[in-house]
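Everything below, folded, please.
(one chain, ligands or ions: 1)
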Amino acid sequence: MAQPNTAWDHHPEPLTVTSAPVPEYGSGSLADLLPTLAAGLGVPGMTAAISELAPADRNCVFLIDGLGWEQLRAHPEDAPFMTSLLATSRGGTGRPLTAGYPATTATSLASVGTGLPPGVHGLPGYTVRNPDTGELMNQLRWQPWAPPGAWQPYPTVFQLAHKAGVHAAQVSSPTFESTPLTKVALSGGTFLGRLTGEDRMDLAAEQLAAGDRSLVYTYFAEVDGAGHRFGVDSDTWRGQLMYVDRLVQRLAEQLPPRSALYVTADHGMIDVPFDEEHRIDFDEDWELSAGVALLGGEGRARHVYAVPGAANDVLTCWREVLGEQFWVASRDEAIAAGWFGPKIDERVHSRIGDVVAAARDDVLLIASEREPKESAMVGNHGSMTPAEQLVPLLEVRS
Ligand SMILES: [Zn+2]
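Down below sits the predicted model:
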């Protein structure tokens, strides 16, 4: 299902469902990263899908929430260290990875940790319908609760690596230690919680050295938070970028022998203007809300669950109202076009909306009443545009 790389070089024309630039599942997506590293470490069953990478004996993945490829490239003066690594991105090709659809944290973290695309790991959105209850479920906060092991039954790459004798560890915020998302996406080996970025970098370096073969994950959240609140060009956002650039350098300078550090992100971001033209309000639009039982996803990546029998009417109406501002697909069309990966597990099928809408322009489909907080965000993400979909894969070796 992977698209040729040239799909990213121009806006696809004409506008159809299949012209959406689908993530490079199987060769250059976030889900391919850990399996490639684990294959290099000799973990059984893993495939080196990103052929350009040559993993080391000790590998660390540093995931910077919300730092897309395009935003990094637009701010070289705020991120001198990472900018110096752009030529080493994706195994020296100087190219980015694709996040996966939707380009949102819960989906991407599950793709990273399980090494599986969204259609298989089963976290295909920020909020999705739980077919067992008929209610929306927030995948990031895991609310309302559902049994994690049934929701995402596959082992993580960390668990498989740990079983194969590789030293596996995650160094992140203590608040994530026992969350269901960590359990289904990022567990296996040792979880170490540290509050500050500096402590996490120092500990990640120690953990790399703790095994002859190691697989370490670490994480920084605040670039994403600053982008949501203030926008990707704000002083606050740029301050966070400067700070995380120094964190990357701090870790790079402490790498033990035979190590590789891979710096990546879960998605990029795009600022959306505050006017009615760019922020279409579902809660105020009787046409868009007709026949809709549940509105899931987020402003740039919607799952629309229709009342029984209304799916076709909702699809027709959404296409008419949203025009060329969104790629609008039926569930079957989105699945066939490979938005969620080359394969969809049976249990995941009905978590996907009857209609799926992905923003193409700098627009949002907000819901001012049911989602007041999300509807007020400056920076947003979720869709398949390069600003959201492309993420760095920078490399430093010791
Ligand atoms: Zn975010």
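
Please count neighbours and contacts with C-alpha atoms only from this point.
OK.

Please save the CA atoms from the helix or strand of the chain with the lowest mean pLDDT in CSV.
Lowest by mean pLDDT, DSSP states H and E among the helices and strands of the chain is helix 89-92, with a mean of 94. Taking C-alpha atoms only, helix 89-92 is exported to CSV below (Å, rounded to 0.1, in the frame of the first residue of the first chain):
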residue,chain,number,x,y,z
SER,A,89,17.8,11.4,8.7
ARG,A,90,16.4,8.0,7.8
GLY,A,91,19.8,6.2,7.5
GLY,A,92,21.6,9.0,5.7
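
Can you name the residues in contact with that helix?
Contacts to helix 89-92, defined as Cα atoms under 8 Å, 6 or more residues apart in numbering, come from residues 52-54, 95-97, 392-395.

show me where the stretch 201-350 of the chain has strands.
Using DSSP state E, counting those that start in this stretch, the strands assigned to the stretch 201-350 of the chain run over residues 214-220, 259-264, 270-271, 279-281, 292-298, 301-306, 326-330.

Most tightly packed of those?
Relative to the other members of those, strand 301-306 carries the highest mean neighbour count by mean count of other Cα atoms under 10 Å, namely a mean of 27.

Residue 158 contacts residue 112, doesn't it?
No. Residue 158 sits out of contact with residue 112 when judged by Cα atoms under 8 Å, with a separation of 10.2 Å.

neighbour count winner among the two?
In this view residue 158 and residue 112 are compared by other Cα atoms under 10 Å, and residue 158 has more residues nearby, 30 against 26.

check contacts around the nearest residue to that one once chain neighbours are set aside.
Using Cα to Cα, 6 or more residues apart in numbering and skipping the chain neighbours, the partner closest in space to residue 158 is residue 188 (4.7 Å). Under the criterion of Cα under 8 Å, 6+ apart, the neighbours of residue 188 are 156-160, 162, 168-169.

Now list the buried members of these.
With burial judged by 16 or more other Cα atoms under 10 Å, the buried subset of the contacts of residue 188 is 156-160, 162, 168-169.

picking up where we left off before, got the buried residues for the least confident helix or strand of the chain?
When burial is assessed from 16+ other Cα under 10 Å, helix 89-92 yields the following buried residues: 89-91.

Stretch 138-158 now?
Under the neighbour-count criterion of 16+ other Cα under 10 Å, stretch 138-158 has 138-140, 142, 148, 152, 154-158 buried.

Thanks a lot, catch you later.
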